[in-house]
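> Let's see this in three dimensions:
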Amino acid sequence: PVGWYAFDCARYMQEHGVERSDIARVAIKSRLFSRHNSLAQFTSDLSLNEVLTARKIAEPLGLFEVPARADGAICLVVTTEDIARKSNKPYVIVSGRGFFHEGYHQIGMQPHSMTEFKSAFCATSEALKQSGKVLDEIDIFELYAPCTITEILVSEAIGLFPSGQACEALLAGRTGPDGDRPINTSGGCLARGHPPQLTGLYGLFEIREQLLGRCGKRQILNPTSGLHTCELGNYNATLAHVLELP
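Okay, the predicted model is just below:
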């Protein structure tokens, strides 16, 4: 899988004239969130030089631009809103869900864009439609992104930023702790950790904690809704959820 995303990264840089150093800053931003997450695998800060000089894993991606091995456990309780309300315990609502499989096997042999992530757009659009919201009404985003480039590509795919401009938004701080479109406040796959079977559930958990105001120093100010994505293969299939406060 890292090899697929390395292909994506090389293609994206070629198409948009973006430098690897710009994309690599996703790893640095991820640590800014994870240092305040007790569940995180990595909590120390990273410098750009550390990211760029680390040994290569799959050109052009290095050690800190891909996920480390990880393990974990999580338990989420899902029930009807009626039962949740009667429990007198805090809860959030799943107000929208979308799934889309574009029909390709990973990168595949059929001619198509490697960096478009069509499935992410379609699944997110359906989840937003079910929830009755538009993207600009979503406060926080937990996007499945095992590599630095993945966060860039999926944020553009779902419409957060125009094609080729996510790095510019990253450099401006828009996706970070004080940004208007915070992405992966948990630290994401690169910092919180990426136990593959659990990553999607960890993202849902992070949105729940943010909506309930339980995230301490990484808490986003007064969020009322969040969008989560997880993927299959090279984002050839995507499952998206919108979570909200009741």
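
> Show the pLDDT at the closest residue in space to residue 177 that isn't next to it in sequence.
Spatial nearest neighbour of residue 177, chain neighbours left out: residue 32 (5.7 Å); criterion: Cβ to Cβ, 6 or more residues apart in numbering. Backbone N, C-alpha and C define where each C-beta goes, glycine included. Predicted confidence (pLDDT) at residue 32: the value is 97.

> what's residue 32 sitting at in phi/psi?
Here is the backbone geometry of residue 32 (degrees, to the nearest 10): phi -60, psi -30.

> For it, give me its contacts.
By Cβ atoms under 8 Å, 6 or more residues apart in numbering, the contact list for residue 32 reads 45, 176, 177.

> can you tell me the helix or strand for residue 3?
Element membership for residue 3, per DSSP states H and E: helix 2-16.

> That helix: how far from the chain's middle?
18 Å (Cα atoms, centre = their mean, to the nearest Å).

> Next one: the residue nearest in space to the middle of the chain from residue 187, what distance?
The residue lying closest to the centre of the chain (Cα atoms, centre = their mean) is residue 143, at 1.9 Å. Using Cβ to Cβ, to the nearest Å, residue 143 is found at 12 Å from residue 187.

> With residue 127 instead?
Counting by Cβ to Cβ, the gap from residue 127 to residue 187 is 23 Å.

> And residue 205, by the same measure?
Distance from residue 205 to residue 187, by Cβ to Cβ: 13 Å.

> And these two? Which one has more around it.
Comparing residue 205 with residue 187 by other Cβ atoms under 10 Å, the one with more neighbours is residue 187, at 26 against 18.

> hang on, the more buried one packs against residue 40?
Yes. Using Cβ atoms under 8 Å, residue 187 makes contact with residue 40 at a distance of 4.9 Å.

> how about the strands of this structure, start to end?
56-58, 61-62, 93-101, 140-143, 225-232, 237-244 (DSSP state E).

> Could you report the neighbour count for the residue lying closest to residue 26 once chain neighbours are set aside?
The shortest distance from residue 26 to any non-neighbouring residue, by Cβ to Cβ, 6+ apart, is to residue 148 (3.9 Å). A count of nearby residues for residue 148, using other Cβ under 10 Å, gives 31.

> Could you do residue 221 as well?
8.

> Would you check how far apart it and residue 180 are?
Distance of residue 221 to residue 180, computed by Cβ to Cβ: 11 Å.

> Equivalent analysis for residue 50, please.
Residue 50 is 28 Å from residue 180, by Cβ to Cβ.

> more crowded one of those two?
Neighbours were tallied for residue 50 and for residue 180 using other Cβ under 10 Å; the higher tally belongs to residue 50 (16 against 11).
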